[in-house]
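Asks: here's a sequence, model it:
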Amino acid sequence: MSAAEGPLVVGVDSSTQSTKALVVDVSTGQVVASGQAPHTVTSGAGRESDPRQWWDALREALHQCGDAAREAAAVSIGGQQHGLVTLDAQGEPVRPALLWNDVRSAPQTRRLAEELGGAKSWAERTGSVPATSFTVTKWAWLADNEPDAVRATASVRLPHDYLTERLTGQGTTDRSDASGTGWWTSGTEAYDDEVLAHIGLDPALLPRVVRPGEVAGTVHSTGGLPFSKGTLVAAGMGDNAAAALGLGLRPGTPVLSLGTSGTVYAVSTRRSADPTGTVAGFADARGDWLPLACTLNCTLAVDRVAALLGLDREAVEPSKGVTLLPYLDGERTPNLPHASGLLHGLRHDSTGGQLLQAAYDGAVHSLLGALDLVLDPDADRSAPLLLIGGGAQGTAWQQTVRRLSGRPVQVPEARELVALGAAAQAAGLLTGEDPAAVARRWDTARGPVLDAVARDEETLARISGVLSDAAPLLERDSNGN
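Replies: Below you'll find the model as predicted:
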């Protein structure tokens, strides 16, 4: 047995690049064991992964946790949002999963918006205007391009659903992840029959939406995992909802997450419906809402710029008029799915460090532009901005966010907030507590607060000007259309 004070739970983060598992003491929030294993993702416009890799990575991550994982009384899985997992009648993948950052569905995205009443209608119906990341557009792309795969599909799942189902043997999802599909209505919190009929998706293929606090099932077969049969399995959730839960967020507290993608969000008691499409009106994992704006290009894009320049990611210098829009994978905020990176203002005396700082500035500019839209009108605009994700510990990221936001920045010491949020959800099943209250009891948001500095209005205005002037070029696809 471990030296834990109370029962143990497992929280899982199945992200784009890897799966991480934490074994957490319910009483104290102490992480008593952890493990991690990688995934592979295809490159280019098509971003795909074999879902069976996620299961293999989960087994490896749990194996690294050792005996502690065998003691777990409950488990919950947080996962990357939006991905389309198509399974045959035997529960095997029909084809690799189409991931959130696969932008091939841009034509279907435009078509769906036009055919079902336009952006305002979509926002009122689902809480969001579908972007190329949304699952509804990926199913439409699959129907147009791989009809044999559609015919072979016996069930449709999201990434965290796939793993939960392999644990329980039952097809389930949760409201946070369902709200990112485009076929779940935020007003009635149910699947939208009209949308499903329009895209030719039988609702019988979709998982049951588990309510907050409800048990999704129990482990029905160990399948090489260290769990005992009958171990409780929570609903799980999308990764952003899991991170919000892991922070124990209260309404109005802003979060900026720096990962492969970048996000800004806050918990709200109000259902969002932004017809511009900048803010997605997602549900959270508790019963409230999680208005969120997302960029496709964040840490991975900036690291790529650093690698091209042969520089360490921290080797930045003041940009001195250089503007770099690091839209290496197309972009979602602003909505430019065909865009590529753009450099402006290059001079003979420009340095690599200035170009690298410009990449940081371009990535953060996109996120901060959506921050005020995410927050409720009565939110405190001077409250610290919680900085999380893989980039949050980087000095260059911290200083860029401080300079361009003009806000104090708090950096939680807890690193694996998605997995911690999943663990808090699992703990709530055992104790009957609100999972966010569990996270607050664990003090997961604890961390240093960096004081506010003067907002760099000059850089913000320069980037906005270049983006506006270059919009016609950035909107073209690879064929110049």
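
Asks: what strand or helix carries residue 164?
Replies: Per DSSP states H and E, residue 164 falls inside helix 159-168.

Asks: got the buried residues for whichever helix or strand comes after that helix?
Replies: Downstream of helix 159-168, the next assigned helix or strand under DSSP H and E is strand 172-174. By neighbour count on 16 or more other CB atoms under 10 Å, the buried set for strand 172-174 is 172, 173, 174. The C-beta positions use only the backbone N, C-alpha and C, and glycine is treated the same way.

Asks: dump the residue contacts of the residue sitting furthest away from the middle of the chain.
Replies: Centroid-distance maximum for the chain: residue 348 at 39.4 Å, with CA atoms, centre = their mean. When the contact criterion is CB atoms under 8 Å, 6 or more residues apart in numbering, residue 348 has no partners at all.

Asks: roughly how far apart are it and residue 59?
Replies: Taken as CB to CB, to the nearest Å, the spacing of residue 348 relative to residue 59 amounts to 55 Å.

Asks: ok, back up a step: what does the helix holding residue 164 contact?
Replies: Helix 159-168 is contacted from outside by 12, 14, 51, 54-55, 58, 75, 77-81, 83, 85, 87, 91, 97, 157, 171-173, 177, 207, 216-220, 223, 225, 227, 233, 235-238, using CB under 8 Å, 6+ apart.

Asks: repeat that with 7 Å
Replies: 14, 51, 54-55, 58, 75, 77-80, 83, 85, 97, 157, 171-173, 177, 207, 216-220, 223, 233, 236-238 (CB atoms under 7 Å, 6 or more residues apart in numbering).

Asks: please apply the same query to stretch 193-209.
Replies: With CB under 7 Å, 6+ apart, stretch 193-209 has contacts from 115-116, 136, 139-140, 143, 153-157, 161, 171-175, 178, 182-183, 191.

Asks: rerun that using 6 Å as the cut-off
Replies: Residues outside stretch 193-209 that contact it (CB atoms under 6 Å, 6 or more residues apart in numbering) are 139-140, 143, 155-156, 161, 171-173, 175, 178, 183, 191.

Asks: return the set of buried residues in it.
Replies: 195, 196, 199, 201, 205, 206, 207, 209.

Asks: neighbours of residue 448, how many?
Replies: The burial count assigned to residue 448 is 10, neighbours taken as other CB atoms under 10 Å.

Asks: now for the closest residue to it other than its chain neighbours, how many residues are close by?
Replies: Once flanking residues are discounted, residue 448 sits nearest to residue 411: 6.0 Å by CB to CB, 6 or more residues apart in numbering. The tally of other residues near residue 411 (other CB under 10 Å) stands at 19.

Asks: I figured residue 411 hits residue 449, correct?
Replies: No - between residue 411 and residue 449 there is no contact under CB atoms under 6 Å: 8.2 Å.

Asks: and the contacts of stretch 193-209, which is closest to residue 110?
Replies: residue 140 (10.6 Å; CB to CB).

Asks: low-confidence regions, the protein specifically.
Replies: Applying pLDDT under 70 to the chain flags residues 1-4, 477-481.

Asks: what about residue 139, is that helix, strand or coil?
Replies: The three-state assignment at residue 139 reads helix, by DSSP: H, G, I helix; E, B strand; the rest coil.

Asks: so what's it up against?
Replies: 199, 201.

Asks: go on, residue 27?
Replies: Applying CB under 6 Å, 6+ apart, the residues near residue 27 are 5, 6.

Asks: can you tell me the element it falls in?
Replies: Using DSSP H and E, residue 27 falls outside every helix and strand.

Asks: and it, how far from residue 35?
Replies: Distance of residue 27 to residue 35, computed by CB to CB: 22 Å.

Asks: quick one: terminal-to-terminal distance for stretch 107-125?
Replies: End-to-end distance for stretch 107-125: 21 Å, by CA to CA, to the nearest Å.

Asks: centre of the chain versus the longest helix along the chain, how much separation?
Replies: In the chain, assigned by DSSP state H, the helix with the most residues is helix 352-374. Taking CA atoms, centre = their mean, to the nearest Å, one finds the center of helix 352-374 at 18 Å from the center of the full chain.

Asks: in that helix, what counts as buried?
Replies: For helix 352-374, burial by neighbour count (16+ other CB under 10 Å) applies to 352-371, 374.

Asks: cool, stretch 390-400 as well?
Replies: Quick answer for stretch 390-400 (16+ other CB under 10 Å): 390, 391, 392, 394, 396, 397, 398, 399, 400.

Asks: other residues contacting that stretch?
Replies: Outside of stretch 390-400, the residues within contact range by CB under 6 Å, 6+ apart are 258, 259, 299, 314, 316, 360, 364, 411.

Asks: for residue 15, which residues are in contact?
Replies: residue 80.

Asks: if I look at residue 100, how far off is residue 345?
Replies: Taken as CB to CB, the span from residue 100 to residue 345 is 32 Å.
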